[in-house]
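Enquirer: here is the input, now give the coordinates:
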Amino acid sequence: MKKTLSGITVDCVKGNIAAQKGYDAVVNAANAWLRPGGGVAGCIHMAAGPGLVEECRPLAPIKPGQAVITGAHNLPNRYVIHCLGPVYGRDEPADRLLAECYRNALRLAEQYQVASVACPVISTGAFGYPFREAVQVILSALKEMIPQLNTVKRITFVVRSDEKYKILKQALDNFY
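Expert: Residues are numbered from 1 along each chain as shown. Reported below is the predicted structural model:
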């Protein structure tokens with residue numbers, strides 16, 4: 001499923017975020033200390049290897065909404081863009097902080113001349129953000145950011161479950 005808006009393809013796939021070949025960067029749903037954890041952060045750190053932890057150490061801590069970039073180490077990408085999403089019900093305003101994650105990730109992608117990026121739906125795992133609500137926040141942020149993008153030409157959202165894939169696909173269909 002691929003759609004193009006202002007020359008930028010936005011799509012979704014079902015799979016493992018740490019196994020997205022053909023993308024310049026992957027986005028990590030990071031924790032404040034940029035360390036391995038559960039979910040996306042654990043998956044990315046495990047696949048990237050110990051060099052990622054070492055490169056992340058001096059960049060931490062980060063605050064909700066912030067993003068930093070590192071090399072990808074053993075991942076099949078050039079970069080990892082680490083974003084700390086809000087913990088739903090604790091970090092407020094959660095919608096603004098979640099949107100900032102994607103804005104800041106895309107700004108870094110532009111700065112580092114990243115043409116393609118694979119992203120998880122940040123904060124919807126252990127941080128408890130309702131998936132449908134998060135998708136709407138993200139798409140609003142994309143509508144704002146897409147006209148500002150010159151280098152980024154493809155944004156792919158990666159989810160693990162059939163249910164989340166269907167929700168995201170429907171939202172992207174309505175996005176266009």
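
Enquirer: skip ahead from the least confident helix or strand in the chain by mean pLDDT and say which helix or strand is next.
Expert: Lowest mean confidence among the helices and strands of the chain (mean pLDDT, DSSP states H and E): strand 2-5, at a mean of 70. Scanning forward in sequence from strand 2-5 by DSSP states H and E, the next helix or strand is strand 8-14.

Enquirer: quickly run through the sheet partners of the following helix or strand past that following strand, with directions.
Expert: Once the chain leaves strand 8-14, the next helix or strand it forms, by DSSP H and E, is strand 25-29. The strands that strand 25-29 pairs with in its sheet are strand 79-83 (parallel), strand 116-119 (parallel) (by DSSP bridges).

Enquirer: state the mean pLDDT of the first one.
Expert: Taken as a whole, strand 79-83 has a mean pLDDT of 98.

Enquirer: average model confidence for the helix or strand following it?
Expert: The helix or strand immediately downstream of strand 79-83 is helix 94-111, counting by DSSP H and E. Regarding helix 94-111, the rounded mean pLDDT is 98.

Enquirer: for this protein, give me the ranges with low pLDDT.
Expert: Within the chain, the stretches with pLDDT under 70 are 1-3.

Enquirer: ok, Leu59 - contacts?
Expert: Counting by Cβ atoms under 8 Å, 6 or more residues apart in numbering, Leu59 touches Leu34, Val68, Thr70, His82. Quick note: C-beta positions are derived from backbone N, CA and C, even for glycine.

Enquirer: let me know the helix or strand that the third one is in.
Expert: Spelled out, that is Thr70. strand 67-71.

Enquirer: could you do Val40 as well?
Expert: Assigned by DSSP H and E, Val40 falls within helix 39-48.

Enquirer: that helix versus strand 79-83: what angle between them?
Expert: Angle between the axes of helix 39-48 and strand 79-83 is 150 degrees (criterion: axes from the mean of the first three to the mean of the last three Cα atoms, to 10 degrees).

Enquirer: many thanks, I have nothing further to ask.
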